[in-house]
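Novice: got a sequence here, can you build the structure:
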Amino acid sequence: MGFDPSIILASWQFLAGGLLVTLQLAATAIIGATILGTAVGIARAYGPRALAIPLAFYVDSMRAIPVLAVLLWAYFGLPIATGITLSPVVVASFALIIHVGAYMSEVVRGGLLSVRPGQMRAALALGMTRGQAIRKIIVPQAAIRMLPPYGSVLTIAIKDTAITTVIAVPDYMHRSEVVSSQYLQPFEVFTLALVVYFCILFPTTRAVDIVYRRISYRGRS
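Specialist: Below is the predicted model:
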């Protein structure tokens, strides 16, 4: 079986446009999930008890439901429930943010709770408020400890963008399927897809590991 690069050369602009959509969607999901996960993680670790049950339900439900089910419900169910119809890209961003955000919140909560309680007591004894202690003492140490699991969540967010093809988001995977169906030569198209996703994800995970190794000593307490 030979590899025919002419298909790729003929479709590279179309595929490159899909790659741009994938990167934009991944960036939106990562930024949104980081903000949401940080807020939920801090609230679960140090917030009022009244928030404990609803936030725990959100996190556990999102981790229990496949992202595909969340994506399809947001695309088909949300318009029925609210009467609001959104574009596939907006729906995909929303679904990925709330799904990945649940995992991110556990990374944040675990990092915060890994810092010894004595750090908080010492900060309060020095006259800091609880908010100042969290912001200036706990979070800087916890953020470094979060890096390895945060890198894993990054890869999940990027890979999950490929699932959005089911609602016709014009991402790289969707356009690969289009090219494959046009030329009826899936081997070349999806082999390239494997290479493209590897080239995105492998440097990302390695970069996070390198950064963590260089600054991990700052997170020790």
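
Novice: hey, where'd the strands end up in the chain?
Specialist: In the chain, no strands are defined using DSSP state E.

Novice: so where's it uncertain?
Specialist: Within the chain, the ranges that satisfy pLDDT under 70 run 1-2, 218-221.

Novice: stretch 122-139: which residues count as buried?
Specialist: Applying a neighbour-count criterion of 16 or more other Cβ atoms under 10 Å, the buried positions in stretch 122-139 are Ala123, Met128, Ala133, Ile134, Ile137, Ile138, Val139. Any C-beta I mention is one placed from the backbone N, CA and C, and that applies to glycine too.

Novice: farthest pair in these?
Specialist: Largest separation among the buried residues of stretch 122-139 by Cβ to Cβ: Met128 and Val139, giving 12.9 Å.

Novice: where is the longest helix in this structure?
Specialist: Longest helix in the chain by number of residues (criterion: DSSP state H): helix 6-46.

Novice: just checking, what packs against that helix?
Specialist: For helix 6-46, the packing partners by 3 or more Cβ pairs under 8 Å, 6 or more residues apart in numbering; DSSP states H and E come out as helix 52-64, helix 88-114, helix 139-160, helix 172-183, helix 186-215.

Novice: and the second one with helix 52-64, angle?
Specialist: Helix 88-114 and helix 52-64 are oriented at 120 degrees to each other (axes from the mean of the first three to the mean of the last three Cα atoms, to 10 degrees).

Novice: can you lay out the helices and strands packed on helix 6-46 as JSON lines showing distance to Ile30?
Specialist: Below are those laid out as JSON lines (distance: least, Cβ to Cβ, whole Å):
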{"stretch": "helix 52-64", "distance to Ile30": "16"}
{"stretch": "helix 88-114", "distance to Ile30": "8"}
{"stretch": "helix 139-160", "distance to Ile30": "5"}
{"stretch": "helix 172-183", "distance to Ile30": "16"}
{"stretch": "helix 186-215", "distance to Ile30": "10"}
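
Novice: residues touching the most centrally placed residue in the chain, list them.
Specialist: By Cα atoms, centre = their mean, the chain has its centre lying nearest to Ala157, at 3.2 Å. Contacts for Ala157 (Cβ atoms under 8 Å, 6 or more residues apart in numbering) come out as Ala26, Ala29, Ile30, Ala33, Leu96, Val100.

Novice: measure Pro54 to Thr22 for me?
Specialist: Using Cβ to Cβ, to the nearest Å, one gets 33 Å for the distance from Pro54 to Thr22.

Novice: what do you get for Pro203?
Specialist: From Pro203 over to Thr22 the distance is 15 Å, taken as Cβ to Cβ.

Novice: I appreciate the help and will end here.
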